[in-house]
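Trainee: dropping a prediction and its sequence here:
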Amino acid sequence: MADREERRFAEISRESVKFMAESSGVELGDDVAALLAEDVCYRLREAAQSSSQFMRHAKRRKLTVEDFNRALHWSNVEAVCGYGAQDALPFRSAKEGELFFIEDRDVNLVELALATNIPKGCAETMVRVNVSYLDGKGNLEPQGTVPTAVQSLSDDLLKYYQQITRAILGEDPHLMKVALLDLQSNAKIAALLPYFVYVISGVKSVSHDLEQLNRLLHMVKSLVQNPYLYLGSYVRSLVSSVMYCILEPLAASINPLNDHWTLRDYAALLLSHIFWTHGDLVSGLYHQILLSLQKVLSDPVRPLCSHYGAVVGLHALGWKAVERVLFPHLPAYWANLQAVLDDYSVSNAQVKADGHKVYGAILVAVERLLKMKALSLSQPWTPVPLPAMYCELYSFFGDSLAVRFSTGPGFGSYPPYAPSQLGEARKEAPGPASNPDTTRKMPQLTANLNISPRSLTRSSTSTSSVQRSRSCSSRSGQRPAGLSRDVFPKARFTSPQAGIPAFTFLIGGRQMGRRCQGRRPFQTTFAPTPPLPAVPPRAYAHKLPVIGRVGRPVRRWACSCYSLHLPL
Amino acid sequence: MIIIVNLGCTAAWWLARSPSSIIKGLSVWIRTNRVAGSCAVRVLFFFNLAHAHFILKMAAVQGGLVDANEEKDIKSEPANDTWANNNANDGRLPSASPGASAAAGAPEDQQTLLAVLQFLRKNKLTESVEILRREAGLPEDSLESKGADSSGAGSGGAAAAAGEDQPDVNVVLSAYSQQGDPVLYPVYYSGLKRFIETVLDCHRAELSQVFYPLFVHMYLELVYNNHESEAKAFFEKFCGDQECYYGDDLRILSSLSKREHMRGNETLLDFRTSKFVLRISRDSYQLLKRHLQERQNNQIWNIIQEHLYIDIFDGIPRSKGQIDAMSGSLAGEAKREANKAKVYYGLLKEPEIELPLDDEDEEAENEEGKPKKKKPKKDSMGSKSKKQDPNAPAQTRIPLPELKDSDKLDKIMYMKEATKKIRLGPDNLPSICFYSFLNAYQGLTAVDFTDDSSLIAGGFADSTVRVWSVTPKKLRKVKSAADLNLIDKESDDVLERIMDEKTASESKILHGHSGPVYGISFSPDRNYLLSSSEDGTIRLWSLLTFTCLVGYKGHNYPVWDTQFSPHGYYFISGGHDRVARLWATDHYQPLRMFSGHLADITCTRFHPNSNYVATGSSDRTIRLWDVLNGNCVRIFTGHKGPIHTLAFSPNGKFLASGATDGRVLLWDIGHGLMIGELKGHTDTVYSLRFSRDGEILASGSMDNTVRLWDATKAFDDLETDDFTAATGHIHLQDNSQELLLGTYMTKSTPVIHLHFTRRNLLLAAGAYNP
């Protein structure tokens, strides 16, 4: 019963009430806090209930902050200020401590007041009539399209539109850059938005031309980044264009010389960017995207490049998407992929190369899934426990998975992003007793581990690794330089499972997973590339894709789980 | 001020009329409102004392929110009071027949009256107290003694409670302080459930109606008596049994688990103050009664007696389908006698106007090439206006403004247009034009067209009202006073000369409201525009100067809808305060207040003959009110969600209503019956309109479609049906698919307004949602 109750309503916990009271200098007893919490929940529900009335009368489907404030106003409660903006509020978690907060940026009022770039080109509200149905029969225009003349354009705008499109789709790269830059910052082009969206929807007609596709994607990026544009449900249209670039077997991909992979990678990043910045404009967008990606992935008839796109897309949408769609589907998909990879005939060479691309993409996606999963272990509701997941994945990828983990921050193409610290967490996981090698290399971390009473008491499960990852993340700066990359896997595969931590056991114990036989070569040959002379890199090892990994540090997204996003 | 044209001092008539109403048992008094200086005087009409409850309730709800700190004072009060009630109830229980409870109403009325007096006195409305006391024939000291009682001893009964800050809430809630073993509640309930499951099929559906109100009241009793966990368990156990259309109310109910929450919860107060009405056949009722008496199941019997009104009829028990069609409203079905009053639904006689048809008709002939059709049409027009409809109200039943010359001209235009009207039917569907509001990022909340389709107005969430000219004719303001002096007033084109060409533009923005504009309405003569807003005011705008003329303040809460009477001058408004008000443009105070709805009034419509108004509400009922005496003459139940739109058929006989449940229901006003259900929309129906001849019903919805329905067929089917108005038990056949003539998609634009032009072209409007 309590369960159902919780699912039905948002609950505010007693602790939260206490925190809030503390922050205003009041000490509350437990029972008082509990009573208060319950009352707060009730009042919230009541307010939500009455605010929905304002939504209904405004003939909207989406409840806004304003509706809520009106409800508060009419029940004589002060309105909540500062949340009316259209922009999504970034919800962040503080790594040290279980605290979540909304990032509240400082606004420079002086700058705002003296700003000269006040958007003027705001399109005016107007009424336009069109004959939709003549004599109740037949629609004169196809349904659901963007209205052709959203606003009668002024000559200036029309000229601007022509020049911009010409520049972007034209030959001159310099001109293109200028045009894109302007598109990104121009405050007066709201009226042109539908036109640009229409131009972009032309991706379908230029699928043979990678260059053009690329330019159109850049155009999407510029539009998305323009702070003066309200995309509204044009987001849907943009997303479908981008999805086209990710998923479709483009005409350009027939020729193996065309690098359509990069295009797909780029489009996937763009997709995630649109989603994270504008996803709230269209309800259910996330699920729609997931659904279409899933559809492509589970369709064996589709070419491998489409599958690649689906995987990259999922990866770009975050590890939760990977967990939800890719992970459960992996066993089924693996069989197909394996068949492709095991076919050494010459005629299959091209397909096989594609297969490796997909393989690599899955590996990268899965790897981050594991890392993020380990980071978020404090949330106990994850459907598949981490050890089991690792176990299953290891049965597919074998050593290569382990290798990816061990090649931590030092690896050349790795961005120095936050979750890589997890790699260390794994490394120190065996604990001081099991592996002297590790302890020697990370003295501070182990010391910390020993001191922390919580991690000692709860070290039997994998949660301990989280605790440690926390503790280590706090002092990652002190990490000794030149950490070698080979610590993790090789030494431990032979060693019997020792000590408490989960990972030693897992990797050591599941070396011969039930599905790994066929993929033996990967297990053995997927060695860390340069420093270990023991295993020579196989022919395809260097072919392995490096997806979305760029040496540059990530600038835009502070949140580590988006670390694979290119700075667009 | 040349704009407000005084249409005759009809208000005096209203007031003159009022005393006669008093004789009929209505009490009227004017009380001085000391709070808002702007609306100094208010007229309150009480049709009977039950409505006094309502006023108190509103006050209590408001008070409950404001004076939280004062609540402490009254905590001890209810116990005494209720115990008294309780004992009384217990005493008369075993022998009590269903009729007895009604008979016991008289002292209750007295008590209510006292409570009203106390309330007024507390608010220092001494004059009103005097008047009401005199009206009710109470001795002068009746109040005094009680008042002294309460202040002196502090242990008084009902009157003492009434003397406190929140009389009504306590009286209301105290009824729940009945003590019963909380553990036994589920036992009682499931006992009854078992019984009803075992009765004959024909009775089961009828008796099942008892479940929902019983469930709610039992739950509230548990909550009121602080058995929180028992209440929750009770709710969990049985909420799954309730009909799905009560889901919204159940959700509110389930969030309520503390006695403190019950104060100020409007839904709860609704439930308590109004008896839940059930219609049950005599046989089924006897069955239930016998069962409960055999089992000595007093708990349930108490609830049935106190909180339920069982409307017993003789005849065959109704089927599940019949019951489901009519139930769903907040307070059960309408009592049968509520729909018995005679309604004059016929149309008023059209004034006789000379029709200079000749030259115009020749043109029409040439255009259409159908000279034959001309004659019969003209005849029908003529006969319509000459014969008096037997169902029509007397021409002067309510005073209507006289026609001005300009109105006559407009009527002539209308008739000319009407001759060119397209006859619609299943084979001849109207063309649809869509008016898209583009770049309406501020949120379009309401739309209206003028009757001649020359202007369109939009109300927006940013508090503005915008008016556009749909024809090439631009919108112009009248010249300034100084410039007007220079005009030759004798010239023929003086009306043209007063306009200032410099101000010509395609659209005008009207600023004045301080909250979203939820309702908007053009006057029939196109000189005025009404807008109602969240800020609690209704504003009258002049479309000649494009300025605000009057702000009508009376609703102190958001006003959801307003509409001009088809004859102009009067307008109706309804809002969050659950009261619909009838106004005249030249009076800053309402002429009538229609109270009775249990939740917000969400939409208001005038009957084509201006004698009645219909209001739709969040309590999921539709009420029809008589403008003359303020009585509620019809209550329609059957919708399962808040009603958002209403439309009268052009002949005045039928009413269509659309709600958030996506269904459109059709009602016969004369008989007070539901006569059709149109299923098809998947989201809230925000707009309904009959074609000019009433053959087609168009409905527009949030699901981005316009649907056309065959209204003729829907109404014809009914007439061949043999139903008896006496019982009101309808058999609705599910023929929505046959009646649906077409579904028309918009371009991701919710349809929030529909309008048929005089030539039967359908106009739809909505904001494009990019």
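Mentor: That came through fine.
Trainee: show me the shaky parts of the chain.
Mentor: In the absence of a named chain, this looks at chain A. For chain A, the stretches flagged by pLDDT under 70 are A:1-9, A:86-88, A:97, A:117-123, A:134-153, A:281, A:377-385, A:399-568.
Trainee: my bad, the chain I had in mind was chain B
Mentor: Using pLDDT under 70, the flagged stretches of chain B are B:1-108, B:139-180, B:354-388, B:717-732, B:770.
Trainee: any idea how far the closest residue to chain A within chain B lies from residue B:486?
Mentor: Nearest residue of chain B to chain A, counting by Cβ to the nearest Cβ: residue B:429, 2.5 Å away. In short, each C-beta sits where N, CA and C put it, glycine included. Applying Cβ to Cβ, to the nearest Å, the value for residue B:429 to residue B:486 is 53 Å.
Trainee: and those two? Which one has more around it.
Mentor: Ranked by neighbour count (other Cβ atoms under 10 Å in any protein chain shown), residue B:429 and residue B:486 place residue B:429 first, with 22 against 8.
Trainee: looks like that one contacts residue B:744 (just checking).
Mentor: No: using Cβ atoms under 8 Å, residue B:429 is not in contact with residue B:744; the gap is 9.4 Å.
Trainee: and the biggest strand by length in chain A, what's buried?
Mentor: When chain A is parsed with DSSP state E, its longest strand is strand A:126-134. Neighbour-count burial for strand A:126-134 flags A:126, A:127, A:132, A:133 (criterion: 16 or more other Cβ atoms under 10 Å in any protein chain shown).
Trainee: do the same with stretch A:301-320
Mentor: Buried-residue list, stretch A:301-320, by 16+ other Cβ under 10 Å: A:302, A:304-320.
Trainee: what's near enough to touch the closest residue to residue B:592 other than its chain neighbours?
Mentor: Counting by Cβ to Cβ, 6 or more residues apart in numbering or on different chains, residue B:592 lies nearest to residue B:582, which is 3.9 Å off, once chain neighbours are set aside. By Cβ atoms under 8 Å, 6 or more residues apart in numbering or on different chains, residue B:582 lies in contact with B:570, B:571, B:572, B:590, B:591, B:592, B:593, B:594, B:613, B:627.
Trainee: closest one of the residues you listed to residue B:263?
Mentor: residue B:593 (25.8 Å; Cβ to Cβ).
Trainee: contacts for stretch B:200-210, please.
Mentor: For stretch B:200-210, using Cβ under 8 Å, 6+ apart, the contacting residues are B:192, B:196-197, B:199, B:278-281, B:283-284, B:287-288, B:304, B:308, B:316-320, B:323, B:327, B:332.
Trainee: of the residues you listed, which belong to helices?
Mentor: Counting by DSSP state H, the contacts of stretch B:200-210 place B:192, B:196, B:197, B:283, B:284, B:287, B:288, B:304, B:320, B:323 in helices.
Trainee: please, which helix or strand holds residue B:635?
Mentor: strand B:632-637 (DSSP states H and E).
Trainee: I misspoke; the intended subject was residue A:101.
Mentor: Using DSSP H and E, the element containing residue A:101 is strand A:99-102.
Trainee: equivalent analysis for residue B:615, please.
Mentor: strand B:612-617.
Trainee: which elements pack onto that strand?
Mentor: For strand B:612-617, the packing partners by 3 or more Cβ pairs under 8 Å, 6 or more residues apart in numbering or on different chains; DSSP states H and E come out as strand B:570-575, strand B:579-584, strand B:601-606, strand B:621-626, strand B:643-648, strand B:654-659.
Trainee: recalculate using a threshold of 7 Å.
Mentor: Applying 3 or more Cβ pairs under 7 Å, 6 or more residues apart in numbering or on different chains; DSSP states H and E, one finds that strand B:612-617 contacts strand B:579-584, strand B:601-606, strand B:621-626, strand B:643-648.
Trainee: pipe those into JSON lines and attach distance to residue A:46 per row.
Mentor: What follows is these, written out as JSON lines (distance: least, Cβ to Cβ, whole Å):
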{"stretch": "strand B:579-584", "distance to residue A:46": "22"}
{"stretch": "strand B:601-606", "distance to residue A:46": "19"}
{"stretch": "strand B:621-626", "distance to residue A:46": "23"}
{"stretch": "strand B:643-648", "distance to residue A:46": "22"}
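Trainee: which one, of these, ends up nearest to residue A:252?
Mentor: Short answer: strand B:643-648, nearest of those by Cβ to Cβ, at 51.4 Å.
Trainee: point me to the helix or strand that includes the residue in the stretch 201-350 of chain A that chain B sits nearest to.
Mentor: With Cβ to the nearest Cβ, the shortest gap between the stretch 201-350 of chain A and chain B falls at residue A:232, namely 3.7 Å. Using DSSP H and E, residue A:232 is not contained in any helix or strand.
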